[in-house]
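1. Below is the sequence, then the predicted model.
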Amino acid sequence: MTAAVCPGSFDPPTNGHIDVIERAARHFGEVLVAVTANPSKKPLFSLEERIELLQGALSHLDNASVSSFDGLLVDLAREHAATVIVKGLRVPSDFEYEVQMAQMNQVLNRGLDTMFMAASPSWAFVSSSLVKEVAHHGGSIDELVPQGVSEALRRLSES
Ligand code: PNS
């Protein structure tokens with residue numbers, strides 16, 4: 001049974017993330033959603049919140065679990081015997097950054113391959129950063145993120 005890891009910052013998870021994870025779960029025996037404890041930018045949601053939001057949105061998947069990691073992705077993959085990293089690509093420019101990471105990860109762990117999944121057209125324009133910006137200015141993001149995420153963003157903007 002092949003295990004795959006879907007890593008990311010997930011600040012917050014969007015429907016695009018959930019779509020990629022759901023599709024990965026159809027192809028792999030087990031999918032570990034790995035939330036980085038140290039995203040490059042200061043996150044809006046704490047690590048615990050991001051994990052909770054993902055767990056809520058993925059509760060319908062029997063073969064997906066959510067955990068956090070603090071070091072190298074390759075180490076987490078090794079610990080969980082995952083041999084594939086699945087990353088979604090929305091636009092061509094995503095590839096430039098992603099392919100560099102994929103190659104670095106392959107050098108760090110020759111048994112670990114990255115597979116890119118084209119984002120579904122419905123979600124290709126959706127990013128966590130844009131969702132946060134729209135929500136911050138009071139726009140509706142209900143169609144773009146899981147229900148728990150839109151509620152959490154609403155609570156934040158009301159506080
Ligand atoms: O959602 P993001 O921000 O595109 O996710 C990036 C992430 C978390 C997948 C990437 O930064 C990562 O793997 N970080 C862990 C540290 C690591 O392994 N760095 C070397 C990868 S080349």
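-> Good, I have the coordinates. Keep in mind the model is a prediction, meaning the values are calculated, not measured.
2. Run through who's touching stretch 79-86.
-> 2-7, 20, 24, 28, 30-32, 73, 76-77, 102, 105, 111-117 (C-beta atoms under 8 Å, 6 or more residues apart in numbering). C-beta coordinates here come from the backbone N, C-alpha and C atoms, glycine included.
3. Distance check, H136 against the ligand.
-> Applying C-beta to the nearest ligand atom, to the nearest Å, the value for H136 to the ligand is 19 Å.
4. hang on, I meant G139
-> 22 Å.
5. quick one: what helix or strand has that residue in it?
-> Using DSSP states H and E, G139 maps to neither a helix nor a strand.
6. For the residue nearest to S40 when sequence neighbours are not counted, which residues are in contact?
-> Among residues not flanking S40 along the chain, S9 sits closest, at 7.7 Å (C-beta to C-beta, 6 or more residues apart in numbering). By C-beta under 8 Å, 6+ apart, S9 lies in contact with V35, T36, P39, S40, K41, P43, R50, S128.
7. A3 too?
-> F28, G29, E30, V31, L32, H80, A81, A82, T83, V84.
8. again with P13
-> Going by C-beta under 8 Å, 6+ apart, P13 touches R50, L53, L54, A57, S128, V145, P146, V149.
9. How many neighbouring residues does the third one have?
-> The one in question is L54. 27 (other C-beta atoms under 10 Å).
10. Over to the last one?
-> The criterion is other C-beta under 10 Å. On that basis, V149 has 29 neighbouring residues.
11. Same check on the first one?
-> For R50, the neighbour count with other C-beta under 10 Å is 27.
12. State whether it is indeed within a helix.
-> Yes - the assignment for R50 is a helix, going by DSSP: H, G, I helix; E, B strand; the rest coil.
13. from what I can see it touches F10, true?
-> Yes - counting by C-beta atoms under 8 Å, F10 is a contact partner of R50 at 4.9 Å.
14. What residues does the chain have near the ligand?
-> P7, G8, S9, T36, P39, L72, L73, M101, M104, N105 (C-beta under 6 Å from any ligand atom).
15. Quick one, which of the residues you listed are buried?
-> Taking 16 or more other C-beta atoms under 10 Å as the criterion, what is buried in the residues of the chain next to the ligand is P7, G8, S9, T36, P39, L73, N105.
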